[in-house]
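**Q** Okay, sequence plus prediction incoming.
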Amino acid sequence: MREKKDILFLCQFFYPEYISSAQLPYETAVALKEAGFTVGALCGYPKEYLNGETVPTREQVSGIDIHRLKYMQRDRTGFVGRLINYFSFTAMVALHLGEIARYKAVVVYSNPPILPWVASWAKKLFGTKLIFVAYDLYPELATVTDTLKEGGMICRLMNHINRCVYRRADKVVALSQEMRDVILKNRPIDPERVEVIPNWWPDKQLHPSQPNPFRELAGDRFLVSYLGNMGTSQDMQTVLEAIWILKEDKSVFFLFAGHGNKLEKLKKIAQEEHLDNFCVRGYLTDQEYTDALVASDCALVTLNPGVTGLCVPSKTYGYMMAGLPLLVVMDDSDIARDAACGAGVQIKDCDGAAMADAIRAMRDDPAKTAAMGKTSRDLFLEKYTLPICTGKYVDMFRELLVPGGGK
């Protein structure tokens, strides 16, 4: 019998796709490979998040054996399209269950939310160690945002999957302390099997274009930026209220760039209401994203009420890497506590007026705002760099797979 390889990453998105749900697993896989583990990936074939290049179904990149599966891919902006994608990809993975058996451990992510079920069967059938990374907690996230009806068929399926996954998992990774608290309260799992490992952002020098198009767009105005997903979990209503309050203030400008089902709604509002204090762009990559970070004076992080602990906005760590002050519109959380430590301001209770006041205060006190930005950057270097966070995965796998390798 062939000796088993060490770790298989099981996820819908992977290298070379540019969204964070592809980059984070890839960067984790690279760190584990560099630590001496044999690593593979079973993932979806890229379609939407790709910069034009064609990729093979099988290749080795950075020492990682990648196998990409083709599956039905529909428009992800609609609920039905996402469901088709989820079930189609999961079915293709199930047909390759034997491939998981060739590895000692499988890392599976919560997106798509039914995919971990397959990994839990690999644990049951082959004894493969199961590591579940909870980017989002379903079905709670779907019911809180009214995407699914509580008690419906899909929710019952998700609850069954959760019971299978959490009971069988050797480790569950939560992205924050508040997410760990929710897991321990609502899932059948021992506390010692839940690790808190936040997401991260690569630290790099930011070299903006000359001239910077986003700085030219804002001019001398104080630029408040939101760069990332604008979906069902994000509180955009509070932000819109602040925009309305500040619409006559010619010294403040808002930039929204990213993707999600609220993106088109924002574009429509800007056009219909003739609001000229904000603009909306699509997903920014590479140089465009760098230009937006460098041009910004502060950055927005938002979650709807009741969503905190069910997901964590990873865009935050890109802001902190760039040394931007945070304007946090969400309940108490690790990110809100970072803001309270001097990295920004937390806005509670969906208070658009308080958000507008906080923006004016940042604009009117450049020295204090700069100090917030420095604290934001310092906290990033202390907690959210790629080596620090992926190093925690390396430690975890040494404990799981290497005799005597625990901390």
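**A** Structure received.
**Q** hey, let's count contacts and neighbours off CA atoms from now on
**A** Fine.
**Q** element containing Val133, please.
**A** Following DSSP states H and E, one finds Val133 within strand 129-134.
**Q** and the following helix or strand past that strand, how far from the chain's centre?
**A** Past strand 129-134, further along toward the C-terminus, the next helix or strand under DSSP H and E is helix 140-144. Average the C-alpha atoms of helix 140-144, do the same for its chain, and the two points are 17 Å apart (C-alpha atoms, centre = their mean, to the nearest Å).
**Q** Run the angle between the helix or strand that comes right after helix 140-144 and strand 129-134 for me.
**A** The first helix or strand that comes after helix 140-144 along the chain, using DSSP H and E, is helix 153-168. Compare the direction of helix 153-168 with that of strand 129-134 by axes from the mean of the first three to the mean of the last three C-alpha atoms, to 10 degrees and you get 130 degrees.
**Q** Can you list the strands that the strand holding Val133 pairs with?
**A** Each strand paired with strand 129-134, and its direction, by DSSP bridges: strand 103-109 (parallel), strand 171-174 (parallel).
**Q** got CSV for the ones you listed, with mean pLDDT and distance to Gly127 too?
**A** Supplementary listing: these in CSV, determined by pLDDT from 0 to 100; distance: least, C-alpha to C-alpha, whole Å:
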stretch, mean pLDDT, distance to Gly127
strand 103-109, 97, 8
strand 171-174, 98, 14
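**Q** will you turn these into CSV that also has mean neighbour count and distance to Phe126?
**A** Converted to CSV, the strands paired with strand 129-134 look like this (neighbours: other C-alpha atoms under 10 Å; distance: least, C-alpha to C-alpha, whole Å):
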stretch, mean neighbour count, distance to Phe126
strand 103-109, 24, 9
strand 171-174, 24, 17
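**Q** would you list those in CSV and tack on distance to Leu32?
**A** Rendered in CSV, the data for the strands paired with strand 129-134 read as follows (distance: least, C-alpha to C-alpha, whole Å):
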stretch, distance to Leu32
strand 103-109, 12
strand 171-174, 16
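**Q** thinking again about what came up before, how far off centre is the strand holding Val133?
**A** When distances are taken as C-alpha atoms, centre = their mean, strand 129-134 is centred 16 Å away from the chain's centroid.
**Q** Likewise for stretch 254-269?
**A** Counting by C-alpha atoms, centre = their mean, stretch 254-269 comes out at 18 Å from the chain centroid.
**Q** For it, measure first residue to last.
**A** Here the two ends of stretch 254-269 are set 14 Å apart, with distance taken as C-alpha to C-alpha, to the nearest Å.
**Q** what's next to it, contact-wise?
**A** For stretch 254-269, contacts defined as C-alpha atoms under 8 Å, 6 or more residues apart in numbering pick out 77-78, 223-232, 243, 275, 277-284.
**Q** hmm, back to that, what comes up buried for the strand holding Val133?
**A** Along strand 129-134, the positions that meet the burial threshold by neighbour count (16 or more other C-alpha atoms under 10 Å) are Lys129, Leu130, Ile131, Phe132, Val133, Ala134.
**Q** related to what we said a few turns ago, so which of the contacts of stretch 254-269 belong to helices?
**A** Ile243 (DSSP state H).
**Q** Out of the contacts of stretch 254-269, which end up buried?
**A** 223-232, 243, 277-280, 283-284.
**Q** does Lys374 belong to a helix or a strand, and which?
**A** Lys374 is part of helix 366-383 when elements are defined by DSSP H and E.
**Q** I'd like to know which elements the helix or strand that that helix is followed by is packed against.
**A** For helix 366-383, the following helix or strand on the C-terminal side (DSSP H and E) is helix 386-401. Other elements packing on helix 386-401 under the criterion 3 or more C-alpha pairs under 8 Å, 6 or more residues apart in numbering; DSSP states H and E are helix 20-34.
**Q** Go ahead and name everything in contact with the helix it packs on.
**A** Contact with helix 20-34 is made by 9, 11-17, 38-40, 62-64, 199-200, 314, 386, 390-391, 393-394, as judged by C-alpha under 8 Å, 6+ apart.
**Q** In stretch 298-314, which residues are buried?
**A** Residues of stretch 298-314 classed as buried by neighbour count (16+ other C-alpha under 10 Å): 298-305, 307-314.
**Q** Which members of these are the farthest-apart pair?
**A** Greatest spacing in these, by C-alpha to C-alpha: Cys298 and Leu310 (25.0 Å).
**Q** Identify the bridge partners of Lys171.
**A** When bridges are called by DSSP bridges, Lys171 pairs up with Ile131.
**Q** residue contacts, it?
**A** The contact partners of Lys171, taken as C-alpha under 8 Å, 6+ apart, are Leu130, Ile131, Phe132, Arg193, Val194, Glu195.
**Q** Quick check: the gap between the residue lying closest to the first one once chain neighbours are set aside and Val394.
**A** To tie it back to what came earlier, the one meant is Leu130. Counting by C-alpha to C-alpha, 6 or more residues apart in numbering, Leu130 lies nearest to Ala169, which is 4.9 Å off, once chain neighbours are set aside. Using C-alpha to C-alpha, one gets 17 Å for the distance from Ala169 to Val394.
**Q** before we move on, what about Thr90?
**A** Here the distance between Thr90 and Val394 works out to 27 Å (C-alpha to C-alpha).
**Q** Which residues belonging to the least confident helix or strand in the chain by mean pLDDT are considered buried?
**A** Averaged element by element with mean pLDDT, DSSP states H and E, the chain has its least confident helix or strand at helix 79-95 (a mean of 80). The neighbour-count check on helix 79-95 (16+ other C-alpha under 10 Å) flags 82-94 as buried.
**Q** Which strands and helices lie in contact with that helix?
**A** strand 64-69, helix 115-126.
**Q** sorry, back to before: nearest to Asp338 among the buried residues of stretch 298-314?
**A** Taking C-alpha to C-alpha as the measure, Val301 is the one of those closest to Asp338, at 12.0 Å.
**Q** tell me what the helix or strand that closest one falls within is packed against?
**A** For Val301, the host element (DSSP H and E) is strand 298-302. Applying 3+ C-alpha pairs under 8 Å, 6+ apart, we find strand 298-302 packed against strand 222-229, helix 315-321, strand 326-329.
**Q** So which of those is nearest Lys247?
**A** When the helices and strands packed on strand 298-302 are compared (using C-alpha to C-alpha), the closest one is strand 222-229, at 13.1 Å.
**Q** Nothing else from me, thank you.
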